[in-house]
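Asker: What follows is a protein structure lacking sequence information:
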């Protein structure tokens with residue numbers, strides 16, 4: 001998801017590596033900290049793949065700074081990723097939030113709606129964090145207050161998201 005986030009932020013505007021890192025940390029840092037040892041190799045791979053370029057600018061005080069720019073191939077890769085996220089991008093909440101953060105970059109409401117429908121379908125399937133055999137357990141089935149709490153919080157979060165998805169799909173379909 002780091003690559004998607006890099007492409008998404010650079011779609012908005014060219015950024016220096018430090019600025020990009022700040023944006024990434026704000027989006028995912030509380031969940032998955034981003035070190036320089038992770039970020040800069042990812043940037044180099046995207047650059048080697050022709051998805052971004054680096055321009056050197058004089059530094060304000062000291063060393064020159066490198067500004068990262070999205071290439072046309074980078075824009076195309078971003079749009080491809082957003083139009084057809086992997087199943088894990090739909091089912092994993094952290095990955096989903098990264099997709100959702102940049103879904104606005106797709107111009108066609110129908111493309112946006114198709115991705116939202118996939119998430120809605122995923123949330124509509126019976127699931128649990130805890131099972132008895134193959135049967136998903138509900139919060140009411142569990143006597144452990146902590147496990148029950150996990151399920152109650154997840155249910156409330158899912159219900160809020162499902163409501164938002166329905167509202168947003170209605171909005172997209174009337175546009």
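Answerer: Looks like it came in fine. Everything numeric here is computed off the predicted structure, so don't read it as measured data. Numbering: from 1, shown residues only.

Asker: Surely residue 68 is in a helix?
Answerer: No. Counting by DSSP: H, G, I helix; E, B strand; the rest coil, residue 68 is located in no helix; its state is strand.

Asker: Determine which residue lies closest to the centroid of the chain.
Answerer: Residue closest to the average C-alpha location in the chain (C-alpha atoms, centre = their mean): residue 98, at 1.1 Å.

Asker: which ones are touching the spatially closest residue to that one that is not a sequence neighbour?
Answerer: In this structure, residue 98 finds its nearest non-sequential neighbour in residue 1, 4.4 Å apart by C-beta to C-beta, 6 or more residues apart in numbering. For glycine as for every other residue, the C-beta is placed from the backbone atoms N, C-alpha and C. Residue 1 is in contact with 28, 89, 94, 95, 98, counting by C-beta atoms under 8 Å, 6 or more residues apart in numbering.

Asker: Please identify the buried residues of the helix or strand containing residue 4?
Answerer: In the assignment (DSSP states H and E), residue 4 maps to helix 2-12. Buried residues in helix 2-12, counted by 16 or more other C-beta atoms under 10 Å: 2, 3, 4, 5, 6, 7, 8, 9, 10, 11.

Asker: Chain neighbours aside, what residue packs nearest to residue 69?
Answerer: Nearest in space to residue 69, with sequence neighbours left out and distances taken as C-beta to C-beta, 6+ apart, is residue 14 at 4.6 Å.

Asker: Backbone dihedrals for the one you found, please?
Answerer: Main-chain torsions, residue 14, degrees, to the nearest 10: phi -60, psi 150.

Asker: Please look at it and residue 66 and confirm they touch.
Answerer: No. Using C-beta atoms under 8 Å, residue 14 is not in contact with residue 66, being 10.1 Å away.

Asker: For those two, list the residues in contact with both.
Answerer: Residues touching both residue 14 and residue 66 (C-beta under 8 Å, 6+ apart) are residue 55.
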